[in-house]
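**Q** coords please:
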Amino acid sequence: MSLLDELYQDLILEHYRRPRHHGELAGADVVQEGINPSCGDELTLYLKATDGEGIAVSFEGEGCAISQAAASLMSQAVTGGTRHHAAELSAAFQRLVRGEKPGLELGDLQVFTGVAKLPARVKCALLPWKTLDEALARLDANGAADPAEPAG
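**A** Presented below is the predicted three-dimensional model:
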């Protein structure tokens, strides 16, 4: 295993063991559930509109190190940014884990580059991002959506 692979593994394990933005987000405008039926990973994403187009994100969930670390790194990457930037990051991340060029600088999110070589893990890494996409769509469709509104 290369030094870079070890560093990437360490970052994933760090975010799995000590997730950032973990827990319910008070006053969330959208609460979006996500599940990976192929392995049982679960995620509840809390999204809150902040000043202007800004957002804050937190999550709760259970699952493998990949899905939970992806949720932690995703929430860290998009909180404080704009909805538009979050959507761009999501599209770039999804390209990355499918083995394509992301088209954006992804910083720590690059840790998931190797997931493309593990097809069974792609859905794990994508779970928080697809859930974010659904939450952003609900927020955009409803202005400030009713957080109790069922997903889908």
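**Q** switch to C-alpha atoms for all contacts and neighbour counts from now on
**A** OK.
**Q** List of residues touching the longest helix along the chain?
**A** Longest helix of the chain, by residue count under DSSP state H: helix 119-142. The contact list for helix 119-142 (Cα atoms under 8 Å, 6 or more residues apart in numbering) reads 29-36, 41, 43, 45, 47, 64, 66-67, 70-71, 74, 83, 87, 90, 93-94, 97-98, 112, 115-116, 145.
**Q** In that helix, which residues are buried?
**A** By neighbour count with 16 or more other Cα atoms under 10 Å, helix 119-142 contains the buried residues 121-139.
**Q** all helices for this protein, in order.
**A** All helices of the chain, identified by DSSP H, fall at 3-17, 65-78, 83-97, 119-142.
**Q** Out of those, which is closest to residue 53?
**A** Closest of the helices of the chain to residue 53 is helix 83-97, at 5.9 Å (criterion: Cα to Cα).
**Q** looking just at contacts, which helices and strands does that closest one meet?
**A** helix 65-78, helix 119-142 (3 or more Cα pairs under 8 Å, 6 or more residues apart in numbering; DSSP states H and E).
**Q** That helix versus helix 119-142: what angle between them?
**A** In terms of direction (axes from the mean of the first three to the mean of the last three Cα atoms, to 10 degrees), helix 83-97 departs from helix 119-142 by 160 degrees.
**Q** Report the angle between helix 83-97 and helix 65-78.
**A** 150 degrees.
**Q** Not counting sequence-adjacent ones, nearest residue to residue 95?
**A** Spatial nearest neighbour of residue 95, excluding adjacent residues (Cα to Cα, 6 or more residues apart in numbering): residue 102 at 5.2 Å.
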